[in-house]
Each structure stands twice: as structure tokens, then as C-alpha cells.
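Colleague: this one's structure only:
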């Protein structure tokens, strides 16, 4: 087909596309295009750093809303209101075959952890608590607690309870969480 045989709408479309391309070329250099492309790629690479929620790990049984009674200096380790659980997010190992300081059989304690500072009502002192995830078995599904006292966004990972800390364990499958006292918190 020769130029004289080309329909007029195609010629108009060609002229419009040419004009748009020339306008774009006048206002956009290769450097600025590469800069914008790099910024877009860097922004896309930062998406995995956004905070992650364990909402999918929630069971149908909601955590108790009312504080349960403390039956002595420490309270009940299988209760969400237990003093060591002030910053916990997950299933309590004390309800899953382990204890508040030990993983259940068949699981492995994650070597990395998040920390919190909790007040012991027995002596009124603040303690640094290490929350270690136990990994290697499917979700426990019992005694889900999501207390976020002192929790920080995921850009401060050592203080965030929203990260799957099993990523550093031999198995990345989360089962439950422990609450180990590291020591008395000091004021800085």
C-alpha cells in the first residue's frame, strides 16, 4: 500500500505518535530516564521491608480480654496476661507441650529473637525478656497472644514481634513462642 492509499485516520495516528515521541524526547534525557527507572527499582526492592503481620496465624479463639488473676509472684505462664508476655505475639509454648522458657519436643528454638521490657508485679521491677520462636512443627493453634507493649516497627527488627524469627532456624515453620528473662532492665 502506498502513502496515498493509507487511510487518513492512520496518517493522523502516525502524526500524533510522532509528535508525542518528539515531545517526550525533548523533555526527557537518557540520564533522567535511567534515574527514574533506578528509583522505581529501589522502591520496589524496599517493599519486603514493610511490616508483616501474623494475622493469618490467628486461631478462631480470641485471646482473653480480661486479665486473669496472678496466683503468686509469677502468675500463670499459660495466660496471655502473664507478666513476661507483655510484648509477645504468637502461640504460648506453655500451651503447646513446652514451657514459657523451653520449646516443645520436636521443635528447635530460633537463634535470633526479639526483646521486650516487662514489669514483674511481684517486685515492681522491669525485666528484659527474650521472645524466642520455636520452629519446625506446624502452628500450635492454642493460647494465641498478641500483646504489643513496646513493640516497634519492623525497621527496628530486634524490637519487632511481627517478624517470623524462624527464618534463621533450620526450619522456617513457626510453632510457638517462649518468654525468657535475660535480666533486670537498667535505665539509660
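Modeller: Nice, thanks for sending it over. All figures in this text were calculated on a predicted structure; none of them were measured in a lab.
Colleague: the helix or strand of the chain with the lowest mean pLDDT: which residues count as buried?
Modeller: Lowest by mean pLDDT, DSSP states H and E among the helices and strands of the chain is helix 30-45, with a mean of 80. By 16 or more other C-beta atoms under 10 Å, helix 30-45 has no buried positions at all. The C-beta positions use only the backbone N, C-alpha and C, and glycine is treated the same way.
Colleague: which residues of this structure fall in helices?
Modeller: Assigned by DSSP state H, the chain shows helices spanning 8-27, 30-45.
Colleague: show me how this protein divides into domains.
Modeller: 3-48, 55-184 (automatic domain parsing).
Colleague: and the ones you listed, which is most packed in?
Modeller: Each of those was scored by mean neighbour count; the highest is domain 55-184, a mean of 17, by mean count of other C-beta atoms under 10 Å.
Colleague: pLDDT averaged over that one - what is it?
Modeller: Mean pLDDT, domain 55-184: 79.
Colleague: chain center to it, what's the gap?
Modeller: Relative to its parent chain, domain 55-184 has a centroid offset of 14 Å by C-alpha atoms, centre = their mean, to the nearest Å.
Colleague: likewise stretch 38-46?
Modeller: Relative to the centre of its chain, stretch 38-46 is centred 20 Å away, using C-alpha atoms, centre = their mean.
Colleague: what lies in contact with that stretch?
Modeller: Outside stretch 38-46, not one residue touches it by C-beta atoms under 8 Å, 6 or more residues apart in numbering.
Colleague: hmm, back to that, let's have the helices of the chain in CSV, adding distance to residue 180.
Modeller: CSV is the format used below for those (distance: least, C-beta to C-beta, whole Å):
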stretch, distance to residue 180
helix 8-27, 60
helix 30-45, 35
